[in-house]
Each structure stands twice: as structure tokens, then as C-alpha cells.
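S.K.: 3D model of this:
(3 chains)
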Amino acid sequence: MNRKRTQKILDILQDAYPQAGTRLNFQSPFQLLVAVVLSAQSTDEQVNQVTKRLFSQYSTPQGMAYLPMEELQELIKGVGLFRNKARHIKALSEILIEKYGGEVPHTFEELIELPGVGRKSANVVMAVGFGLPGLGVDTHVHRVSNRLGLVDAKQPHQTEAGLKAQIPRQRWGQAHHLLISHGRAVCKARSPQCSFCPLESMCPKNID
DNA sequence: ATCCCGAGGG
DNA sequence: CCCTCTGGAT
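M.R.: Below is the predicted model:
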């Protein structure tokens, strides 16, 4: 809707969170992909704790594809949804080996076809892993964008479309991280800290 | 719409 | 106890 307002909001958030960026630890696109799959409904700290042990033993598609399911489950237990995630990581590793020569594909269309990889994860791998245009909409991005009136969306994919339509591609990755930082620190799901919000005067939720 | 599902916070 | 955390598949 209002591109100018959105730009201004991003500028203010950039000043408030100058170091916004991913907190997931990884050393390759494949490790990032695994970390992102593990991050569903889990905190980044839980994921980093698990991947520290996992990647020290297995850090390639080959290592994970041939790992027995039970062992992989044991290694990633500690994040929620671990049975599904173990299955997806093993399956996507096999596909990377068979179809992509053990590499992580560089297009959104290919990434989203991988098991356990939806729009959010594919967008994050694009932006964070390859520096290509991608704007992942997670729970924070969805909540904050709607509260601020950047979009009026019930579904995350609607939020993604709305944000992409009013933010320059070059700024998608940055916007993703800024909205997450703000969602974590101030515009929290449970008890938002509106009195500390640099956007308080511009926010529709602020009905003083 | 429902299921998966550990850990931390209030 | 209930809610939330960088969701995705069925």
C-alpha cells in the first residue's frame, strides 16, 4: 500500500537494530538449510545448541543421508518436532546427492520442492545463503507487519506478497531481519513493549 | 483444520 | 497451567 511509509519504518528499524541478521550458526549453504529446517517453531538458541553437536559429526548431505534415522533423531532431539525434522533432513540430503550433485540449489522453485522446505525456509536460504532476493515470513514478520499496518493479511504468504510488493528487492533480506529483531525485542507476541517502541507514534495499534 | 513437539517464560 | 518460538506436510 504505502511504500514511503514502509521505507521510513525500515529506516527507523535500521537505526534501532543496526546489527540485525541471522543468529543461526552455519558454515555452508547446506548447514544453513539444515539449520533453517530445524528452526521451525523453535528458538535459534535451541537450534544452535543442536547444530553444534550435529555439524561437528555430520556436516554434509552425504553424512546425513546415510545416517540411521534413530541416530539423527537423537542428535537433533532438543528442538521440537524432531521426528519430522529428522525425516526431512535425511530425505532432502538424499535428493541433494541424487539430483544436485550434493549442492544446495540456488533457485526458490528448486528449494521449495525439497521436503521440509516451505516458502519461509526457501526465502531464507535464498537471501542468507546466496545473497539472492528472498523475504521469509515467519511468525515475527507476519505479526509485526500486520500490527504496523504494512499489510492486512491472514496468511503468511499474503504478508510475503504484500511486503515484496512495497519493498525493493535489494532490501528484502534486510527487511526480514529487521522485522524479526523488532518482533523479538519489542513487538513481542505476548506482551509488546509499546512504550519502548521507536514506531509507537506511527503504529495503528497505538490508540492513545 | 490438524498434527508434530522440546524448552523457556509468565 | 497456557503461550510462544525464524513452519511444513497431510
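S.K.: Quick one: neighbours of residue A:94, just the number.
M.R.: Residues near residue A:94, counting by other Cβ atoms under 10 Å, number 16. Quick note: C-beta positions are derived from backbone N, CA and C, even for glycine.
S.K.: Ok, the one 5 residues further on next?
M.R.: Residue neighbour count, defined by other Cβ under 10 Å, stands at 13 for residue A:99.
S.K.: contacting residues around residue A:159?
M.R.: Neighbour list for residue A:159: A:137, A:141, A:142, A:145, A:146, A:151, A:153 [criterion: Cβ atoms under 8 Å, 6 or more residues apart in numbering].
S.K.: Helix or strand: which one has residue A:178?
M.R.: helix A:172-185 (DSSP states H and E).
S.K.: Would that helix count as contacting DNA strand C?
M.R.: Yes: Helix A:172-185 is in contact with DNA strand C by Cβ under 7 Å from any atom of the strand, via A:176, A:177, A:180, A:183, A:184.
S.K.: TSV for those residues, including distance to residue A:117?
M.R.: Formatted as TSV, the residues of helix A:172-185 next to DNA strand C follow (distance: Cβ to Cβ, whole Å):
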residue	distance to residue A:117
A:176	16
A:177	19
A:180	19
A:183	22
A:184	23
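S.K.: What's the mean pLDDT across the helix holding residue A:178?
M.R.: Mean pLDDT, helix A:172-185: 98.
S.K.: which strands and helices sit next to it?
M.R.: Packing partners of helix A:172-185 (3 or more Cβ pairs under 8 Å, 6 or more residues apart in numbering; DSSP states H and E): helix A:3-16, helix A:139-148, helix A:156-166.
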